[in-house]
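> how would this look folded up:
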Amino acid sequence: MTRFFYYLCLLCFWIPCCPAEPPQRVVSQVPGITEILFSLEQGNKIVGVSTYCRYPPEALQKPKVGGLHDSDLEKMLVLRPDWIALFAGQDKIGDVLERNGCRVFYSSGETISDLLKTIRELGRIFEVPAVADNLVSSISRELQEVREQCAQLPRKRVLYAVGREPGSLKQLYGVGHGSFLEELMNLVGGENCLSPSLGRYPVLSREALILANPEVILDAGASPGEISAKVMPPEWGSLASVQAVREKNVIPFEDPHISIPGPSIAESAKKLALLIHGESIRSRLGM
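Predicted coordinates:
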């Protein structure tokens, strides 16, 4: 019996593992992954996406499986995916899907380097490495062009408010240090005014805002009415000592695409440059 197990182990050792076949039925809960897969010419394999997967426009035509906090596991199972992209932390859903024979890809990248690495990894998984390499090269080249176009612009201290309680400055989340959004701000002549000690996406108090004293505030948490009015939302008026408020350089805007780390980040960088420096640089950016 001992000799039998000895030869069985040798046999298992020498038999090469069969490589996994490329996915054929894909569900993506991650907007950036969805956009990458379309850019890698894999959109025809996507059978379901989250409610936040809006780019490219073709993603809107795919069946919806809920969002990060309201994922519809039953609908996912009905779609019979053999591969799914989830956010890191969605382990409970991932465990169920794995038990049903689905491979799970957890997305946790936060930087531009992470994005490029993910593109190459997806190129390997879907067996389109050359397409992935070309996409990485294109993104890198476009980002370098934007960097050069903005190199001579004056650097400005920027607060990027990604969300807040409607009509107030409560629960105001800012872009901290270590994210691709901060990298894009730096690339186009902005400097993150927040202290690195605050973390990646901190909730900011009035005191923190006053201490940060930004020259420009990008307010992605403004209401639709405030955005359409194209004027500084009145709730910022209580911070008159902040330079951006004093100079009425608080810019309400809505563009969820900017916050997605995907193939279009060079375009997002250009949009940030316009928000930070004004429309006068549009021709410089070739827009």
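> List the buried residues in the helix or strand hosting V245.
Taking DSSP states H and E as the definition, one finds V245 inside helix 243-246. By 16 or more other C-beta atoms under 10 Å, the buried positions in helix 243-246 come out as Q243, A244, V245. Every C-beta, even on glycine, is put in place using the N, C-alpha and C of the backbone.
> Surely the first one touches P214?
Yes: using C-beta atoms under 8 Å, Q243 is in contact with P214, at 6.8 Å.
> and for the two, which residues touch both?
Listed as contacting both Q243 and P214 by C-beta atoms under 8 Å, 6 or more residues apart in numbering are R157.
> Give me the neighbour count for R284.
Per other C-beta atoms under 10 Å, the neighbour tally for R284 reads 14.
> Shouldn't it be within a helix?
No: per DSSP: H, G, I helix; E, B strand; the rest coil, R284 lies outside any helix segment and is coil.
> That one - nearest residue in space that isn't next to it in sequence?
Closest residue in space to R284, ignoring its immediate chain neighbours: Q149 at 5.5 Å, by C-beta to C-beta, 6 or more residues apart in numbering.
> so what's the one you found up against?
Taking C-beta under 8 Å, 6+ apart, one finds A273, R284, L285, G286 in contact with Q149.
> Repeat the analysis, applying 10 Å as the threshold.
By C-beta atoms under 10 Å, 6 or more residues apart in numbering, the contact list for Q149 reads V188, G189, A269, K270, A273, I281, R284, L285, G286.
> What separation do you get for it and A240?
34 Å (C-beta to C-beta, to the nearest Å).
> Tell me how far L239 lies from L209.
As judged by C-beta to C-beta, L239 and L209 stand 6 Å apart.
> if you count what's nearby, which of these two comes out ahead?
L209 (24 against 18).
> Just say helix, strand or coil for the more buried one.
helix.
> any idea how far G176 is from it?
If you go by C-beta to C-beta, the gap between L209 and G176 works out to 13 Å.
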